[in-house]
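Prediction below, plus the sequence it came from.
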Amino acid sequence: MATDFEGRKLVVIGGASGMGLQTADNVIAGGGSAVIVGRAGQKLDDAVAALSRSGSAWAVEADLADQDQVVEAQKQLAEDHPDATLLVNAAGFFKPKPFLDHEVADYDAYHDLNRATFLLTQTIVRGMVAYGQGGAIVNVGSMWAHQALAVTPSSAYSMAKAGLHALTHNLAIELAGEGIRVNAVAPAVTRTPLFEKVFPADQLDAAMDQLSGLHPLGRVGTPQDLASAIVFLLSDASSWTTGAILNVDGGVMAGRN
């Protein structure tokens with residue numbers, strides 16, 4: 001994507017796959033660099049290796065459900081990447097389940113992810129303020145934070161993503177004076193590894209075809225659909241935009257066919 005990010009460093013929380021990885025790739029293509037925060041393993045290693053073929057990329061290993069690992073990631077980010085001026089919070093998982101079937105562990109998993117997002121964002125923002133060059137943050141929220149779908153009961157997930165939308169508004173106000181813009185995207189069904197974990201591999205194509213009908217534009221989203229919107233919100237092209245929740249959802253929030 002032809003956007004100028006020359007000399008700018010992006011941190012992607014949850015960027016080893018899907019829209020986070022695609023966003024990092026787009027920023028590097030625009031002359032920037034990227035730090036990918038994710039769980040240690042082959043997926044993270046492969047993602048950073050692929051990005052490094054086009055530019056500078058680094059890994060910060062952390063299981064976001066492990067509070068001790070989050071603390072270590074905070075230390076590493078503060079020490080090694082205080083010059084980051086771009087942040088994307090893309091970590092997430094989706095596990096539809098009826099409200100009455102939720103157990104404490106189900107709720108805590110979403111809560112732990114929001115906690116990690118909050119604390120890691122604090123670390124990056126402290127660096128942005130000290131660096132004095134402003135910055136841009138994009139949170140990956142969700143259409144499910146706006147409305148519920150009977151086919152995908154998602155009370156805990158929706159509650160968590162609604163919290164991320166609220167954080168977007170609060171930080172937009174608090175950080176505006178520092179020249180730091182904070183926005184979010186709210187995708188509907190997007191074909192990323194998140195949904196690959198919802199449906200068995202042999203049912204994924206059929207499920208995506210069925211869910212396409214929910215979207216007035218007639219298809220589910222792609223990682224690049226979301227990355228294009230995220231890159232816009234990170235870029236100077238959106239320099240007068242902050243506190244926005246951008247629906248990138250194939251028209252779902254506009255209405256139904």
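Yep, it's here. Residues are numbered from 1 along each chain as shown.

Now do stretch 248-257: everything it contacts.
143, 146-147, 185-189, 213-221, 225-226, 229, 247 (CB atoms under 8 Å, 6 or more residues apart in numbering). Placement of C-beta: from N, CA and C, glycine included.

Among those, name the buried ones.
143, 146, 185-189, 214-215, 220-221, 225-226, 229, 247 (16 or more other CB atoms under 10 Å).

Need the max-distance pair from the residues you listed.
L214 and A229 (18.9 Å; CB to CB).

Work out the sheet partners of the lengthiest strand in the chain and label each with its direction, please.
Ranked by residue count under DSSP state E, the longest strand found in the chain is strand 180-187. Next to strand 180-187 in the sheet, as set by DSSP bridges, lie strand 135-140 (parallel), strand 245-248 (parallel).

what about S154, how many residues close to it?
22 (other CB atoms under 10 Å).

and it, what does it touch?
94, 96-97, 144, 148 are the contacts of S154 under CB under 8 Å, 6+ apart.

got those as a markdown table, with pLDDT and neighbour count columns?
A markdown table is the format used below for the contacts of S154 (pLDDT from 0 to 100; neighbours: other CB atoms under 10 Å):
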| residue | pLDDT | neighbour count |
| --- | --- | --- |
| F94 | 91 | 16 |
| P96 | 93 | 14 |
| K97 | 94 | 15 |
| W144 | 95 | 23 |
| A148 | 93 | 12 |
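
Kindly reformat the residues you listed as JSON lines containing distance to L234 and secondary structure.
Output for the contacts of S154, formatted as JSON lines (distance: CB to CB, whole Å; DSSP: H, G, I helix; E, B strand; the rest coil):
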{"residue": "F94", "distance to L234": "24", "secondary structure": "coil"}
{"residue": "P96", "distance to L234": "30", "secondary structure": "coil"}
{"residue": "K97", "distance to L234": "33", "secondary structure": "strand"}
{"residue": "W144", "distance to L234": "23", "secondary structure": "helix"}
{"residue": "A148", "distance to L234": "30", "secondary structure": "coil"}
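
okay, and for the stretch 51-200 of the chain, where does confidence drop off?
194-197, 199 (pLDDT under 70).

ok so, going back, inside strands: which ones of the contacts of stretch 248-257?
185-187, 247.

Kindly export the longest strand of the chain (C-alpha atoms) in PDB.
Backbone C-alpha positions of strand 180-187 (Å, rounded to 0.1, in the frame of the first residue of the first chain) are rendered in PDB as follows:
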ATOM      1  CA  ILE A 180      -1.300  11.000  19.600                       C
ATOM      2  CA  ARG A 181      -4.400   9.900  17.700                       C
ATOM      3  CA  VAL A 182      -6.400   6.900  18.800                       C
ATOM      4  CA  ASN A 183      -8.900   5.200  16.500                       C
ATOM      5  CA  ALA A 184     -10.400   1.700  16.000                       C
ATOM      6  CA  VAL A 185     -11.800  -0.500  13.300                       C
ATOM      7  CA  ALA A 186     -14.800  -2.700  13.900                       C
ATOM      8  CA  PRO A 187     -14.800  -5.700  11.500                       C
END
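
what's the distance between the residue nearest the centre of the chain and L204?
Nearest to the geometric centre of the chain sits A90, at 1.7 Å (CA atoms, centre = their mean). Applying CB to CB, to the nearest Å, the value for A90 to L204 is 20 Å.

go on, Q42?
21 Å.
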